[in-house]
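K.L.:
here is my input, please return the structure:
(4 chains)
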2 protein chains.
Amino acid sequence: MLSSDFVTGPVRAPTLADVASAAGVSLSTASHAFSGTKPVSTATRERVLAAAASLGWTGPNPLARNLRRGRSGVVGIAVGQLSTAFRDPAALAMLDAVSEELDAAGLGLLLMPDDEQVGVPLDAVIYDICGRETWGAYDELVARDVPLVVVEGPAWPGATHIDIDHRTGAAALARHLHDLGHRRVATLTLEASHPQREREAGLREVFTDVDVIGPSASDVATAQEAVGLWWDAGHAATAVVCQSDVQAAGVVVEARRRGLDVPGDVSIAGFDGVDLPWLDVELTTVVQPLGEKGRAAARAVLARIDGEHTEDVVLPVHLRVGGSTGPAPTP
Amino acid sequence: MLSSDFVTGPVRAPTLADVASAAGVSLSTASHAFSGTKPVSTATRERVLAAAASLGWTGPNPLARNLRRGRSGVVGIAVGQLSTAFRDPAALAMLDAVSEELDAAGLGLLLMPDDEQVGVPLDAVIYDICGRETWGAYDELVARDVPLVVVEGPAWPGATHIDIDHRTGAAALARHLHDLGHRRVATLTLEASHPQREREAGLREVFTDVDVIGPSASDVATAQEAVGLWWDAGHAATAVVCQSDVQAAGVVVEARRRGLDVPGDVSIAGFDGVDLPWLDVELTTVVQPLGEKGRAAARAVLARIDGEHTEDVVLPVHLRVGGSTGPAPTP
DNA sequence: CGTTTCGATCGAAACGTTTCGATGCTATCG
DNA sequence: CGATAGCATCGAAACGTTTCGATCGAAACG
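P.N.:
Numbers count the residues shown, from 1 in each chain, chains lettered A, B, ... in the order given. Below is the predicted model:
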């Protein structure tokens, strides 16, 4: 132990300064040789590269680089409880798009727990509402001047907002059901939140007396339970409008469990337009551009990191009619 | 513009040095007042806190702190394509446990894309195999001396390994099927990988001539397609053993689509022990401790960050018999 | 009363980069 | 041939902390 310490000396990772002196150049020249910020003669660069290789220098220490640059290269994303949020393929699809777009820009994506404040330096934060209303970290992030991108959220000062046209989508769906003759319509809701309010308003444009079920999480089991309780209480409707395809799937499962035919006895509609291969009926749903939503959020992040001005984005949605809705049953 | 610059001066975020001089103390005392590293008199501390508040100092710059401390407070987790990996609730359950455990330790969790190397400083990396064999970033991380924790992976030098007892679990499942009279058994496989090989070996302890289907991803649709092709090709078995519950669900759906009764005509078994509320049959499966696996990985990370020695972990699994397996049909 | 110990404070040295400005030096141009 | 560029290189100043070691009293001890 002593002898090995004596032989190898103190084990300190080599720094750029070590590389520079091994190559016989100044620190700044060595830096330029790697970053390419300023021109360096080929001979010098090769000498520096060789020195780096022989010392086992693995590239500039990111910690030091970050301090100097004033950036961490990390973007936070807050989605609430992970296992809850990502159980819905819609959230996953968006995350995927965000991740891809940020990767391409050389940024990392950090999962932020909702409640706690991370001691991690973040260049920006994406807040995906996922049915929540408030956010503990908001004030602190604003105080720290961290660029904020809010997805499907309420208007928060200082944030860039990426949203979809909940209201129009819900209204289109409502009209579709109305055209099919439905008059008694219920809606399975999410926790009170911006998307929930907007969609409900859209529904009420057509069905002013829509019956409200829930709230339920965007989750098969919870949806099943919520709608089950509602039916158990003696309520009924010829159509149930859900706030996600996953919820709708839960309602389909529960309806069938009770011997109801879909859409013969009850029409069921979803929201999002995700792929649920295990469900043997194609849901009538409001399709939202999940990938585009994620990319828009990522682009907003990049722009705000660069100090550019950003506009809020509202993405269009469209109705996709599947086999889960049909003519209202004749009484 | 000029006048405003003149009035407000250049807008620079206040630093601890500003706070210190505003409070009339030295930089180091100000630091101690916040971190509590050394005792500071109450009067002084309050003066410092007041100065910080009045200047709007939001706490130590994490970038600088990180450089000084030599830590970033960020742990990477590599799971492959996000939308693929997290489509399986098993992966999600583990991620959730990891996240919770790391949060408690004040560490952030960064999603690492498989292929690219991030320029982000990572204190450690968790690599969750998820059916892959190789890893582009491995060499670089080893060179950088980043602590590595591999979940369900092959033996990689320098890494701490967290695994489950695939083989024993698969063998127990095989014995269960054998006891039920099954002799012609097929298995739906994942991509060649450490878990796949181990589990197959476990199966072969009982069924030496097990028929191999796939490989397929851990995904309802892909599993459905793979087993569908296999059946189409004229193959048959009285039991199909899958590598995940999600796969098993896909096989159940496909079997029924073909008019096969489960488990009357074919028994179907899964792996993982996750909750699939939409499936109306409880799967016979090998239950693995997903939360514990995540926590073990997180604990290994914490230990290795602290430079402690870590032992590899192999977690036990157990068979859970559900309604998806039954006696082999009499020919 | 001299010596130790301890609490509070300070100055200065890291941490390892990137980048600004300056300095030669060699071509190029008129 | 003198002035002007432009290239290659260098030294030094940041970036904003944390922490090591020293200093200076005052309290505690024998």
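K.L.:
would you map the strands across chain A?
P.N.:
A:74-78, A:108-112, A:124-128, A:148-151, A:159-164, A:185-188, A:211-213, A:239-241, A:267-272, A:284-287, A:313-315, A:318-320 (DSSP state E).
K.L.:
so which of those gets nearest DNA strand D?
P.N.:
Comparing the strands of chain A against DNA strand D with CB to the nearest atom of the strand, the closest turns out to be strand A:74-78 (16.9 Å). Just so you know, the C-beta spots here come from the backbone N, C-alpha and C atoms, and that holds for glycine as well.
K.L.:
just checking, what packs against that closest one?
P.N.:
In this structure, strand A:74-78 packs against helix A:89-104, strand A:108-112, strand A:124-128, strand B:108-112, with contacts taken as 3 or more CB pairs under 8 Å, 6 or more residues apart in numbering or on different chains; DSSP states H and E.
K.L.:
redo the ones you listed as JSON lines? Include mean neighbour count and distance to DNA strand D.
P.N.:
Putting those into JSON lines (neighbours: other CB atoms under 10 Å in any protein chain shown; distance: least, CB to the nearest atom of the strand, whole Å) gives the following:
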{"stretch": "helix A:89-104", "mean neighbour count": "22", "distance to DNA strand D": "24"}
{"stretch": "strand A:108-112", "mean neighbour count": "25", "distance to DNA strand D": "20"}
{"stretch": "strand A:124-128", "mean neighbour count": "26", "distance to DNA strand D": "18"}
{"stretch": "strand B:108-112", "mean neighbour count": "26", "distance to DNA strand D": "17"}
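K.L.:
tell me which of these sits nearest to DNA strand C.
P.N.:
Counting by CB to the nearest atom of the strand, DNA strand C lies closest to strand A:108-112 out of those; the figure is 17.0 Å.
K.L.:
what's next to that closest one, contact-wise?
P.N.:
Contacts of strand A:108-112 with the rest of the structure, by CB atoms under 8 Å, 6 or more residues apart in numbering or on different chains, involve A:73-79, A:82, A:98-99, A:102, A:118, A:120, A:122, A:125, A:137, B:74, B:76, B:99, B:108-112, B:118, B:120.
K.L.:
and it, average pLDDT?
P.N.:
Averaging pLDDT along strand A:108-112 yields 95.
K.L.:
so what strands line up beside that strand?
P.N.:
Here strand A:108-112 has these sheet partners by DSSP bridges: strand A:74-78 (parallel), strand B:108-112 (antiparallel).
K.L.:
turn the helices and strands packed on strand A:74-78 into JSON lines, columns for distance to residue A:285.
P.N.:
Shown next, in JSON lines, are the helices and strands packed on strand A:74-78 (distance: least, CB to CB, whole Å):
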{"stretch": "helix A:89-104", "distance to residue A:285": "11"}
{"stretch": "strand A:108-112", "distance to residue A:285": "28"}
{"stretch": "strand A:124-128", "distance to residue A:285": "20"}
{"stretch": "strand B:108-112", "distance to residue A:285": "28"}
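K.L.:
nearest to residue B:252, out of the strands paired with strand A:108-112?
P.N.:
With distances scored as CB to CB, the stretch of the strands paired with strand A:108-112 nearest to residue B:252 is strand B:108-112 (31.2 Å).
K.L.:
residues in contact with residue A:176?
P.N.:
If you count contacts by CB under 8 Å, 6+ apart, residue A:176 has them with A:269, A:284, A:319, A:321, A:325.
K.L.:
closest residue of the stretch 201-331 of chain A to DNA strand C?
P.N.:
residue A:306 (13.7 Å).
K.L.:
tell me where the stretch 101-250 of chain A has helices.
P.N.:
Using DSSP state H, counting those that start in this stretch, the helices found in the stretch 101-250 of chain A span residues A:138-143, A:166-179, A:194-204, A:220-232, A:245-257.
K.L.:
return the most buried member of the ones you listed.
P.N.:
helix A:245-257 (a mean of 25; mean count of other CB atoms under 10 Å in any protein chain shown).
K.L.:
who's in contact with that helix?
P.N.:
Looking at what lies outside helix A:245-257 - CB under 8 Å, 6+ apart - the contacts are A:87-90, A:188, A:216, A:218-224, A:227-228, A:231, A:240, A:242, A:261-262, A:265-266, A:268-274, A:276, A:279, A:281, A:283, A:285, A:324, B:277-278, B:280.
K.L.:
quick one: neighbours of residue A:145, just the number.
P.N.:
Residue A:145 has 11 neighbouring residues, counting by other CB atoms under 10 Å in any protein chain shown.
K.L.:
ok, now how distant is it from DNA strand D?
P.N.:
According to CB to the nearest atom of the strand, to the nearest Å, residue A:145 stands 12 Å off from DNA strand D.
K.L.:
if I read this right, that residue contacts residue B:14, doesn't it?
P.N.:
No - counting by CB atoms under 8 Å, residue A:145 stays clear of residue B:14, with 11.7 Å between them.
K.L.:
break chain A into its domains for me.
P.N.:
The record assigns chain A these domain ranges, following automatic domain parsing: A:2-60, A:74-164+A:290-315, A:166-289.
K.L.:
weakest of those by average pLDDT?
P.N.:
Mean pLDDT across the domains of chain A is lowest at domain A:2-60; the value there is a mean of 88.
K.L.:
hmm, it touching DNA strand D?
P.N.:
Yes - remark: domain A:2-60 sits within contact range of DNA strand D at A:24-29, A:32, A:38-41, A:43-45, by CB under 7 Å from any atom of the strand.
K.L.:
and DNA strand C, which of those contact it?
P.N.:
Cross-checking these against DNA strand C (CB under 7 Å from any atom of the strand) gives A:27-28, A:32 as the overlapping residues.
K.L.:
end-to-end on stretch A:126-134?
P.N.:
Across its full length, stretch A:126-134 reaches 14 Å between end residues, using CA to CA, to the nearest Å.
K.L.:
same check on stretch A:307-315?
P.N.:
23 Å.
K.L.:
circling back: can you tell me which of the contacts of residue A:176 are classed as buried?
P.N.:
Buried subset of those (neighbour count, 16 or more other CB atoms under 10 Å in any protein chain shown): A:269, A:284, A:319, A:325.
K.L.:
report the contact partners of the second one.
P.N.:
The one in question is residue A:284. Each residue near residue A:284 by CB under 8 Å, 6+ apart is listed here: A:173, A:176, A:267-270, A:319-325.
K.L.:
tell me the bridge partners for it.
P.N.:
On the basis of DSSP bridges, residue A:284 takes part in beta bridges with residue A:269.
K.L.:
kindly report the same for the third one.
P.N.:
Following DSSP bridges, residue A:319 is listed with bridge partners residue A:286.
K.L.:
contacts only, for it.
P.N.:
If a contact means CB under 8 Å, 6+ apart, then residue A:319 has A:169, A:172-173, A:176, A:284-287 as its contacts.
K.L.:
at 7 Å instead, please
P.N.:
Neighbour list for residue A:319: A:172-173, A:176, A:286 [criterion: CB atoms under 7 Å, 6 or more residues apart in numbering or on different chains].
K.L.:
give me the subset of the residues you listed touching DNA strand C.
P.N.:
Filtering these for neighbours of DNA strand C using CB under 7 Å from any atom of the strand leaves an empty set.
K.L.:
quick check, nearest of the residues you listed to chain B?
P.N.:
Each of these was checked against chain B using CB to the nearest CB; the closest is residue A:286, at 20.6 Å.
K.L.:
that closest one: neighbour count?
P.N.:
Residue A:286, neighbours per other CB under 10 Å, totals 29.
K.L.:
ok, which residues in the stretch 51-200 of chain A are in contact with chain B?
P.N.:
A:58, A:62-64, A:66-67, A:70, A:72-74, A:82-83, A:86-87, A:89, A:92-93, A:95-96, A:99, A:103, A:106, A:108-111, A:113, A:116, A:118-121, A:143-144 (CB under 7 Å from any CB of the partner chain).
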